[in-house]
Each structure stands twice: as structure tokens, then as C-alpha cells.
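[1] just coords:
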Ligand code: SME
């Protein structure tokens with residue numbers, strides 16, 4: 001397994017995703033444990049992209065439970081009718097929030113978080129987990145992030161579900 005990420009200095013976000021995804025694929029291909037791979041996925045995204053908080057919540061008995069993440073302390077359980085993560089899990093689609101202060105029911109794990117993207121992993125028509133990324137900048141996520149993060153979730157889907 002690679003021990004060090006290869007990152008091009010001053011890459012655009014698109015270029016950074018393009019270099020991160022093959023490295024993530026290589027890392028998870030040599031490990032069969034889901035939690036280990038989610039942990040490295042969070043680390044790869046954090047090292048490659050920065051952002052304030054990056055992590056996974058797993059669907060467990062009808063609620064979302066905190067999984068591997070990088071960043072400050074986070075809430076451990078999210079009901080499906082709460083927050084951006086809950087909305088993503090119930091609507092079974094990626095949700096981008098340009099300003100979390102304007103999102104009804106947003107769960108503020110930190111007041112520093114300003115914008116957010118949450119991407120589901122769906123297998124057998126069920127949401128198995130979500131990837132949540134929070135930024136300290138307003139309007140920090142676009143269709144570019146959605147495109148590549150959905151590809152990342154497809155890699156995890158193919159490997160584990
Ligand atoms: N903001 C999320 C909760 C998770 S934390 O931000 C890590 C939400 O509204 O679902």
C-alpha cells in the first residue's frame with residue numbers, strides 16, 4: 001500500500017480530485033475492512049483537499065452513527081429527520097448547502113462550518129452510509145465536488161457492498 005499521497009502543488013480542485021481518486025482506489029483495493037477504508041478515505045480527502053471536517057456516518061438501525069472522520073469533535077448520532085445528513089439519507093441524493101445558516105434543521109457541530117455537501121452510498125436501494133464535508137467558506141461546493149465525491153462513493157460501493 002502507498003505510504004504517502006502524491007499531490008501536485010497548486011492543483012485546481014478538479015485536478016486534485018483526479019489525482020486523489022486513483023490513489024484512493026489503490027489503497028482500498030488492498031484492504032477488505034470497511035472501517036479501515038473509510039478511515040483512509042477521510043484521511044486522503046482531508047490531506048488532499050483540506051476542508052474543515054470530513055467524515056462518514058453509517059446507517060445503523062434507522063439512524064446515522066458517526067464513523068471515521070478527520071476534523072473536530074462531531075455529534076455521534078443523527079436522526080433521519082434532522083440535519084443535512086438526515087435529508088441526504090431520506091432523499092437518497094447528494095445535497096449541497098451553500099449557507100448552512102439558511103438550511104432549516106442544520107445541525108451545527110461547529111459554528112465555523114458555513115457550507116456543506118453530503119453524498120449518499122446506496123446499495124440495494126438502501127442508504128448504507130453518507131459522506132459529509134463541511135467548509136469554513138460559504139458556497140464552497142459545486143457540481144464538481146458532487147461529481148467526484150459520487151465517484152468516490154462508487155469506489156466504496158464496488159469494494160464493500
Ligand atoms: N452538519 C451536519 C451534522 C454533522 S456535522 O457537521 C459533522 C448536518 O446538518 O447533518
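    Yes, it's here. Since we're looking at a predicted model, the values are computed, not measured. Numbers count the residues shown, from 1 in each chain.
[2] ok, now how distant is the residue of the chain at minimum distance from the ligand from residue 10?
    Closest approach of the chain to the ligand (C-beta to the nearest ligand atom) occurs at residue 83, with a separation of 2.6 Å. Where C-beta positions appear, they are placed from N, C-alpha and C, glycine not excepted. Look at residue 83 and residue 10: by C-beta to C-beta, to the nearest Å, they are 34 Å apart.
[3] neighbour count winner among those two?
    residue 83 (24 against 6; other C-beta atoms under 10 Å).
[4] Now do the contacts for that one.
    Residues in contact with residue 83, defined by C-beta atoms under 8 Å, 6 or more residues apart in numbering, are 105-107.
[5] Next, the contact list for residue 46, please.
    The contact partners of residue 46, taken as C-beta under 8 Å, 6+ apart, are 54, 70-71.
[6] Tell me which stretches of the chain form helices.
    Along the chain, counting by DSSP state H, helices occupy 13-29, 34-49, 83-91, 143-160.
[7] which one of those helices is the most hemmed in?
    Among those, helix 83-91 has the highest mean neighbour count (mean count of other C-beta atoms under 10 Å), at a mean of 21.
[8] who does residue 119 bridge with?
    Beta-bridge partners of residue 119, counted by DSSP bridges, are residue 131.
[9] Please report how far it lies from residue 8.
    Distance check for residue 119 against residue 8: by C-beta to C-beta, it reads 24 Å.
[10] The two: who's more crowded?
    The residue with more neighbours, out of residue 119 and residue 8, is residue 119; 23 against 10, by other C-beta under 10 Å.
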